[in-house]
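>>> give me the fold of what follows.
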Amino acid sequence: MQPTMTVHPEKTAGTKTDAVHPVRSLARNPRLAVFLAVGCAAAAGWIYLAAMVADMLPAMDMSELGPGMALFNSFNLFAGLSPEARAALAIICLPEGTTTFGMPASDIWSVSDAALVFIMWVMMALAMMLPSAAPMIASYAELPQPMGGSARRVGPVVVLALGYLSIWIGYGALATLAQGLLTAARMMSPMMSPATMVLAGTTLIAAGIYQFTPAKLACLLRCQRPIPFFMERRPVSYVEVYRLGIVQGLLCLGCCWALMTVMFAVGIMNVVWIAVLGFLMALEKTVHRLWIPRAIGVFLILWGVFVLALSDAGQTLLTG
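Numbers count the residues shown, from 1 in each chain. As a prediction, the model looks like this:
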């Protein structure tokens, strides 16, 4: 009589569940989950901005959007033409009163124009500011949550990010108002670039000077080292988590508002400088070296002085 083999159900069930579910794997690695989520949100912002540029591309001289944007003219009819020919072609392709996706049709905005510009600023916040906040959000996600275990970790992290973004959405509303007023005053062109070199130069110099202020350095330090701040404040409700996100957003605003305002000097829809400034803000927050914000400040000041020297007012002062 041969012995029979006993099969234990619990063992066979265990072999089927040995593979970790992807969602559980992300729950065990909150930093990876945060960076993936932030990457998706930032990608959504970049896709929107790319769609705006793609809509402008066939009908516009892209060099009017700001420094660096002329390279996109290689994809339309404006490459290699003189400034006069580009201006004439732009009038033919995009006459006064017509609009493109996200760009107002005239100096005086309608409510829908202002709404489109506001959405553009929100997408810029997703593309520029949210990636620089990813280490801060990931640091919070890795801390023990008083509101529950790992199963309830997602909710507080999302609420914290929403509180952070609320500040930059508010900044977007103020930037939309400022852009509308400057456009109505003809200090910014309908192409969303500065109409005067004085505006561009003074904006760059002011942003560069702010890089050396105690407010900048204090806010930057808090952005670089958020964990002690989180340990002091252990929220036990979603309202408190949202407030914590707002505080972190205010600290980030104090750190980066001047660099964001540089967009008024280089062109609001200048995707080249959106990428450059986003990289610089992320670099400041992740590499703890004091010379980085100071080097950025020196560069902006020198660039602003150079732009002012090229302006009519600067030429008048230089020639006596």
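
>>> surely T286 touches A134?
No - counting by C-beta atoms under 8 Å, T286 sits too far from A134 to count as a contact (9.2 Å). C-beta: built from backbone N, CA, C; applies to glycine.

>>> who has more neighbours out of the two?
A134 (22 against 13; other C-beta atoms under 10 Å).

>>> pretty sure that one is in a helix, no?
Yes - counting by DSSP: H, G, I helix; E, B strand; the rest coil, A134 is part of a helix.

>>> which one is it nearest to, not counting chain neighbours?
V38 (4.3 Å; C-beta to C-beta, 6 or more residues apart in numbering).

>>> ditto for A313
V198 (5.7 Å).

>>> would the one you found count as being in a helix?
Yes - under three-state DSSP, V198 falls within a helix.

>>> quick check, central residue of the chain?
In the chain, the centroid-proximal residue (C-alpha atoms, centre = their mean) is M128; its distance is 1.9 Å.

>>> helix or strand: which one has it?
Under the criterion of DSSP states H and E, M128 resides in helix 111-142.

>>> now do the next helix or strand after that helix: which elements does it pack against?
Scanning forward in sequence from helix 111-142 by DSSP H and E, the next helix or strand is helix 154-184. The contact analysis (3 or more C-beta pairs under 8 Å, 6 or more residues apart in numbering; DSSP states H and E) places helix 154-184 against helix 30-56, helix 111-142, helix 238-261, helix 263-266.

>>> next, the buried residues of the following helix or strand past the shortest one.
Next along the chain after helix 263-266, taking DSSP H and E as the criterion, comes helix 271-286. Residues of helix 271-286 classed as buried: 271-274, 276-278, 280-282, 284-285 (neighbour count, 16 or more other C-beta atoms under 10 Å).

>>> one step back: highest mean neighbour count out of the helices and strands packed on helix 154-184?
Counting by mean count of other C-beta atoms under 10 Å, helix 263-266 has the highest mean neighbour count of those, with a mean of 24.

>>> once you drop chain neighbours, what's closest to F264?
Leaving out its chain neighbours, F264 is closest to T203 (C-beta to C-beta, 6+ apart), at 5.3 Å.

>>> doesn't G304 make contact with the one you found?
Yes - the pair T203 / G304 is scored as a contact, 7.3 Å apart, by C-beta under 8 Å.

>>> now for the two: what residues contact both?
Residues touching both T203 and G304 by C-beta atoms under 8 Å, 6 or more residues apart in numbering: A265.

>>> check contacts around the residue nearest to A134.
Applying C-beta under 8 Å, 6+ apart, the residues contacting V38 are 130-131, 133-134, 137, 161.

>>> measure it to Y48 for me?
16 Å (C-beta to C-beta, to the nearest Å).

>>> and if you look at A127?
A127 is 8 Å from Y48, by C-beta to C-beta.

>>> now I246
Taking C-beta to C-beta, one finds I246 at 24 Å from Y48.

>>> what do you get for N29?
For N29, the distance to Y48 - C-beta to C-beta - is 29 Å.

>>> go on, M60?
Taking C-beta to C-beta, one finds M60 at 18 Å from Y48.

>>> now swap in P104 and tell me
Applying C-beta to C-beta to P104 and Y48 gives a distance of 17 Å.

>>> point out where the stretch 151-300 of the chain drops to low pLDDT.
151-153 (pLDDT under 70).
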